[in-house]
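>>> Any chance you can model this:
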Amino acid sequence: MKKNGVKHQVKKQFPLIEDFIQHLWLEKGLSQNTQSAYQTDLSQFALFIYKRDLTLETVSTTDIESYMHELKRIKISARSAGRKLSCLKKFYHFLILDKIIEQDPTREIETPKQALYLPKSLSEQDVEALLNAPNLEDAIELRDRAMLELLYATGLRVTELVSLQYEQINFRLGLIRVIGKGNKERLVPLGEVALEFIQVYLKLARPQLNTKQSPILFLSKRGVQMTRQTFWHRIKIYALRVNITSSLSPHTLRHAFATHLVNHGADLRVVQSLLGHSDLSTTQIYTHVATQRLQQLHQTHHPRS
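Got it, this is the predicted structure:
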């Protein structure tokens, strides 16, 4: 009974959270995944303060500091804690703008220091093996090969890939118009190999998958849009097939795309544009990846290393 009472009281605070998310959707065009993440983070915080007889409107800086200490105590990573604090900062900024509160309790709180995060990537040899893993005689695997080639050629987010529509590709110019985070558009070159596999897929495989008209480029067996989870399950099948044992994440090929570009001398601003990063600092992580690679090459090949 008590547990249900807690849930009921926390839910009383949800209208504020929902107003905030609706505001961000209207202003920023948040994806459904990002909206869900905000909802989860704010609901967790609402539960924390409810146990201290507080509401979202009545917390102080000290209360939020206590919350951050609690996150550290239960071993939430600095990266995740920083994301949760960023969510709270945006939320309380919204409450200020909406004149619901007068003082921002998050203003003096600093983001937790994070260890340098180096994204996991694949070697060029591993990527080559992964791309060659699908059986091109099978319609589903031909589709997967086209998706893998496109993912590696463009660095798309997986969500951008599975929601891609035919009309977003300019076959004559070899460009793809990507709708990224915040509904921001960017143009990314496809590359000849990816373009060729997409055309082969459209000619030979897609007609076998599409039982009705659909604007989605890459279709599931049922002729509808694939989920991110389904596509990543497919990638893991091919990784096992070619004995890639390193841990894969939904961004592994995106990281490989960026890392290999930087390793081959691409300008960081160009990589930022291709990835759709709004801030160059997000892209700068790949300079560290490239530096690591140079150090490894030096240690392996230099006679005095």
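>>> For Glu110, give its distance to Ala78.
Look at Glu110 and Ala78: by CB to CB, to the nearest Å, they are 12 Å apart. Yep, even glycine has a C-beta here, placed from its N, CA and C like the rest.
>>> Tell me which of the two has more neighbours.
Counted by other CB atoms under 10 Å, Glu110 and Ala78 do not tie: Ala78 has more neighbours, with 15 against 8.
>>> what about the stretch 1-150 of the chain, any weak spots by pLDDT?
Counting by pLDDT under 70, the ranges of the stretch 1-150 of the chain that qualify are 1-13, 28-29, 113-121.
>>> now swap in the stretch 201-305 of the chain and tell me
The stretch 201-305 of the chain contains residues with pLDDT under 70 at 211, 250, 260-305.
>>> which phi and psi does Arg73 have?
With angles defined as degrees, to the nearest 10, Arg73 sits at phi -60, psi -40.
>>> That one: neighbour count?
For Arg73, the number of neighbouring residues by other CB under 10 Å comes to 8.
>>> In contact with it, which residues are there?
For Arg73, the contact set (CB atoms under 8 Å, 6 or more residues apart in numbering) is empty.
>>> So it versus Ala81, what's the distance?
Per CB to CB, Arg73 is found 11 Å from Ala81.
>>> got it, and Met68?
Following CB to CB, the distance that separates Met68 from Ala81 is 6 Å.
>>> got it, and Leu219?
Between Leu219 and Ala81 the distance is 40 Å, computed by CB to CB.
>>> Let me see the domain layout of this protein.
As given by automatic domain parsing, the domain ranges for the chain are 2-97, 124-301.
>>> Report the distance from the shortest one to the chain centre.
Counting by CA atoms, centre = their mean, to the nearest Å, domain 2-97 is centred 21 Å from the centre of its parent chain.
>>> Give me the phi and psi angles of the residue nearest the centre of the chain.
Nearest to the centroid of the C-alpha atoms of the chain, with distances taken as CA atoms, centre = their mean, sits Arg157, at 6.0 Å. For Arg157, the backbone dihedrals (degrees, to the nearest 10) come out as phi -70, psi 150.
>>> Excluding sequence neighbours, find me the nearest residue to it.
Excluding the flanking residues, the one nearest Arg157 by CB to CB, 6 or more residues apart in numbering is Arg254, at 6.5 Å.
>>> before we move on, what about Leu150?
Taking CB to CB, 6+ apart, and ignoring the residues beside it in sequence, Leu150 has Ala194 as its nearest neighbour in space, at 4.8 Å.
>>> wouldn't that neighbour be in contact with Ala153 here?
Yes - Ala194 is within contact range of Ala153, at 3.8 Å (criterion: CB atoms under 8 Å).
>>> Tell me the secondary structure at Val188.
Remark: Val188 carries the secondary structure label strand [criterion: DSSP: H, G, I helix; E, B strand; the rest coil].
>>> What residues does it make contact with?
Shown here is Val188, whose contacts under the criterion CB under 8 Å, 6+ apart are 154-156, 175-176, 178, 274.
>>> Next one: His255 relative to Ile216, how far apart?
Shown here: His255 relative to Ile216, a distance of 25 Å by CB to CB.
>>> buried residues in stretch 123-131?
Of the residues in stretch 123-131, those buried by neighbour count under the rule 16 or more other CB atoms under 10 Å are 126-127, 129-131.
>>> what's the closest of those residues to Ile235?
Closest to Ile235 out of these is Leu130 (7.5 Å), distances taken as CB to CB.
>>> ok, that closest one - contacts?
Listed by CB under 8 Å, 6+ apart, the contact partners of Leu130 are 122, 148, 235, 238-239, 242, 244, 253.
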